[in-house]
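S.K.: just to be clear, the model below is a prediction. Sequence and coordinates:
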Amino acid sequence: MKDINFEKKDYTYLQWSKVRSSSGTAGSFLKATEIKGGKKIYYKLSDYDSVLGIIGHECINEIIVSRLLDVLGVSHLHYHLIYGEIKIDSKRYTTYFCKSESFRKQGERKITFEDYYQIEKKDSETPLDFVKRCGWEKAFTQMLIIDFLILNRDRHGANIEVIMDSRGAVRLAPLFDQGISLLFGCHNEEMVEKFDVLEDRPVQSFIGSNSAKENLRFIQDEYLYSVKKLTEDNKKYILEGLENILSEAHIEKIWEMIWKRWLYYESMFNL
């Protein structure tokens, strides 16, 4: 498993900054960066509470979703799960957290989709119409499908980015930041057991509505096959190596959620 490092290492030198969740969810999501080998490395921690410590599992969600996107053939930022000791406000914690590298090439810069839309949109042009005019409908469709499968609560306008090169050419960045998804907010086994995997909970979606299920209606017939087919055989790859990180019940619930939502998607469009 190249995306999980089980060997404990010392990362107490990292300086973590608190970033309040923009989705309105409770908790703080801490991030850190460093320059290593000439590359900028990004680190992300799961939901952190100053009293209870690290209470979430969003970083693990990132790995699961990253593997799901591999299976479905969707361009995305690749995350690695690291096990190490960190320090926050003089307190030490041993935990798993995410590591990733920038998806920008030399000379490229980024802008949030929300800002790019505000700058380039025509009068009264909706985000959806803007996506179509830019020729990004396939990527947008893939995003809608993924966000439905994982119930991504946090696809706000800054969680979609546009990359610009030195000549002014633009492209959509690969998908990133999908941690607030799956069983987000389930902090104990009782909550995991009671979680309804098909429930349509409120989500943030800058381009669509606040319903991941309703957002599927934006998909045009020509893009129904914009992702590869998910099969039950993919379960092992998507969840491999997590048995010592999450409980068996939690792991099985995650697969139940992904699989049942995939079947819902197939039945909705008679695929």
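M.R.: It's in.

S.K.: can I get the CA coordinates of stretch 181-196 in PDB?
M.R.: Extracted in PDB, the C-alpha atoms of stretch 181-196 (Å, rounded to 0.1, in the frame of the first residue of the first chain):
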ATOM      1  CA  SER A 181     -17.700  13.200   3.400                       C
ATOM      2  CA  LEU A 182     -18.700   9.500   4.000                       C
ATOM      3  CA  LEU A 183     -19.300   9.000   7.700                       C
ATOM      4  CA  PHE A 184     -18.100  12.500   8.700                       C
ATOM      5  CA  GLY A 185     -19.300  13.400  12.200                       C
ATOM      6  CA  CYS A 186     -19.700   9.800  13.300                       C
ATOM      7  CA  HIS A 187     -17.400   9.800  16.400                       C
ATOM      8  CA  ASN A 188     -18.500   6.500  18.000                       C
ATOM      9  CA  GLU A 189     -19.900   3.100  17.000                       C
ATOM     10  CA  GLU A 190     -23.500   4.000  17.900                       C
ATOM     11  CA  MET A 191     -23.400   6.900  15.400                       C
ATOM     12  CA  VAL A 192     -21.800   4.600  12.800                       C
ATOM     13  CA  GLU A 193     -24.500   2.000  13.300                       C
ATOM     14  CA  LYS A 194     -27.400   4.500  13.000                       C
ATOM     15  CA  PHE A 195     -26.000   6.300  10.000                       C
ATOM     16  CA  ASP A 196     -28.400   6.100   7.000                       C
END
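
S.K.: for that stretch, buried residues please.
M.R.: 181-186, 192, 195 (16 or more other CB atoms under 10 Å). (Each C-beta comes from the backbone N, C-alpha and C, glycine too.)

S.K.: outside of that stretch, which residues touch it?
M.R.: Contact with stretch 181-196 is made by 25, 55-58, 61, 64-65, 147, 150-154, 247, 249-250, 253-254, 257-258, as judged by CB atoms under 8 Å, 6 or more residues apart in numbering.

S.K.: wait, what's in contact with K228?
M.R.: 71-73.

S.K.: strands paired with the top strand by length along the chain, and their directions?
M.R.: Assignment by DSSP state E gives strand 91-101 as the longest strand of the chain. When sheet partners are counted by DSSP bridges, strand 91-101 sits next to strand 39-44 (antiparallel), strand 80-88 (antiparallel).

S.K.: distance between that strand and the chain's centre?
M.R.: 17 Å (CA atoms, centre = their mean, to the nearest Å).

S.K.: same question, stretch 49-69
M.R.: Stretch 49-69 sits 10 Å away from the centroid of its parent chain (CA atoms, centre = their mean).

S.K.: name the element the closest residue to A212 other than its chain neighbours belongs to?
M.R.: Spatially, and ignoring its direct neighbours in sequence, A212 is nearest to F148 (4.5 Å; CB to CB, 6 or more residues apart in numbering). Following DSSP states H and E, one finds F148 within helix 137-150.

S.K.: which residues touch that helix?
M.R.: 61, 65, 68-69, 72, 74-75, 128, 131, 152, 155, 160, 172, 175, 178, 181-182, 203, 205, 207-208, 212-213, 215-216, 218-220, 223, 226-227, 257-258, 261-262, 265.
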